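Have a look at this prediction, sequence included:
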Amino acid sequence: MIRGTVVIDRERCKGCGLCVGVCPHQLLQMESGYNARGYHPVQLADSAGQCTGCGVCAVICPDVVFSVYREGRVKR
């Protein structure tokens, strides 16, 4: 399985929730707290390391808050 992660710029997030609905592994959720702009930002809830870095969240995000990282493939 390909592994990856996303880094979220929580201060730019407006809490629209579009990314939450499109994550294929359902790893994104809205924070209960607020950012400096008064929005509930999204957070990655991936304690089991299931994120593949597919980038769907980054594509749908209107505020460009996601940086997507993927591990390189190991040649066998």
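Done, it's in.

how far away is residue 58 from residue 32?
Distance of residue 58 to residue 32, computed by C-beta to C-beta, to the nearest Å: 23 Å. Where you see a C-beta, it was placed from the backbone N, CA and C, and this is true even at glycine.

what's the answer for residue 6, then?
In terms of C-beta to C-beta, residue 6 sits 19 Å off from residue 32.

who's more crowded, those two?
Remark: of residue 6 and residue 32, residue 6 carries more neighbours, 23 against 7, as counted by other C-beta atoms under 10 Å.

CA-only coordinates of whichever strand or helix holds that one in CSV, if you can.
Taking DSSP states H and E as the definition, residue 6 sits inside strand 4-8. Extracted in CSV, the C-alpha atoms of strand 4-8 (Å, rounded to 0.1, in the frame of the first residue of the first chain):
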residue,chain,number,x,y,z
GLY,A,4,1.5,9.4,2.5
THR,A,5,0.2,12.2,4.6
VAL,A,6,-1.2,15.8,4.3
VAL,A,7,-0.2,18.9,6.2
ILE,A,8,-3.0,21.3,6.7
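
neighbouring strands for that strand, and are they parallel or not?
Applying DSSP bridges, strand 4-8 is found paired with strand 66-70 (antiparallel).

and residue 35, how many neighbours?
16.

Now do the contacts for it.
10, 11, 13, 41 (C-beta atoms under 8 Å, 6 or more residues apart in numbering).

Mind checking which of those are in strands?
In strands, defined here by DSSP state E, there are no members of the contacts of residue 35.

for residue 64, what are its contacts?
Per C-beta under 8 Å, 6+ apart, neighbours of residue 64: 12, 58.

And it, what's its pLDDT?
Looking at residue 64, its pLDDT is 96.

how about it, phi and psi?
phi 50, psi 60 (degrees, to the nearest 10).

Roughly how far does it sit from residue 9?
For residue 64, the distance to residue 9 - C-beta to C-beta - is 8 Å.

Which parts of the protein are helices?
Secondary structure of the chain by DSSP state H: the helices cover 18-22, 56-60.
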